[in-house]
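*Asks:* I would like the atomic coordinates for the input below:
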Amino acid sequence: MKASKFAAVTALALAAGAPALAEESTNRVAAETAWSVFVEDDPRECWAVSAPRETVNTRGGQPANVRRGDILLFTTYRGGGTPGEVSFTGGYPFDPESTVGLTIGSNEFQLFVDGQWAWAGSPEDDARIKAAMRAGAEAVLTARSSRGTDTRDTFSLFGYTAATEEAERRCAD
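*Replies:* Model (predicted):
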C-alpha cells in the first residue's frame, strides 16, 4: 500500500466515528459498522479497514504509556478479482525477530513482520484468516515492538463480512 494512500486511509478510517471528516472522503465508499470500505483507481485496489476498539500496551508485564501511530487491520483486494490479503499495522516498528499473533475465537494464526506491517504467509493462510474473521466476533492481535513493548489490540468483526464482500465486489473487474 502506498504511503500517501495509507495516510489518507488512516485519517478516514479513524474518522469513521466523526461524520464530518468521513464525509470528506473521496474514496470511502461504504461503512459497515466497525469496518469501512475504500477504493483506489490507479492502481485498482479495494480494501476493508478497521481501527481497534481496545488497545493494551505493556512492558515487563506492567501497563506502559507509549506513543503509537495508527493501528489498523486491513483486507485488501486488487483489480482482476485477486483473493483478499490480510494485513495489520501496529503503529510502530515490530521486533524484526518476532511474528504477530492473531487470535479469532479458538483459531490462532501467525503474521510475518516487515517494518510496521504484518502479513499472512500465503494466500492459503489469507483464506483461512478471512474465513475465521467472517465467522468470529473479534480479532485479537498481539505483537512486540522493536523497543520491547508488548501490545494487544482487539478489533470488532461486526460488519467484516459485508465490508469485505463490498470491497471484493468493487475490485472484481
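
*Asks:* And the strands in this structure?
*Replies:* Assigned by DSSP state E, the chain shows strands spanning 28-32, 35-41, 44-50, 54-59, 62-63, 72-78, 85-89, 99-104, 107-114, 117-119, 138-144, 150-156.

*Asks:* Deepest in the core, which of those is it.
*Replies:* Most buried of those, by mean neighbour count (mean count of other C-beta atoms under 10 Å): strand 44-50, with a mean of 24. Backbone N, C-alpha and C define where each C-beta goes, glycine included.

*Asks:* related to what we said a few turns ago, now the strands of the chain as TSV including distance to residue 132 and mean pLDDT?
*Replies:* Formatted as TSV, the strands of the chain follow (distance: least, C-beta to C-beta, whole Å; pLDDT from 0 to 100):
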stretch	distance to residue 132	mean pLDDT
strand 28-32	18	58
strand 35-41	15	90
strand 44-50	15	91
strand 54-59	19	96
strand 62-63	29	92
strand 72-78	12	95
strand 85-89	10	96
strand 99-104	4	98
strand 107-114	4	97
strand 117-119	16	97
strand 138-144	8	98
strand 150-156	12	97
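
*Asks:* Nearest residue to the middle of the chain?
*Replies:* With distances taken as C-alpha atoms, centre = their mean, the residue of the chain nearest its centroid is residue 73 (0.9 Å).

*Asks:* which residues does that residue contact?
*Replies:* By C-beta atoms under 8 Å, 6 or more residues apart in numbering, the contact set of residue 73 is 49, 50, 52, 86, 87, 88, 139, 141, 153, 155.

*Asks:* 6 Å instead, please
*Replies:* Neighbouring residues of residue 73 by C-beta atoms under 6 Å, 6 or more residues apart in numbering: 50, 88, 155.

*Asks:* Good, we can wrap up now.
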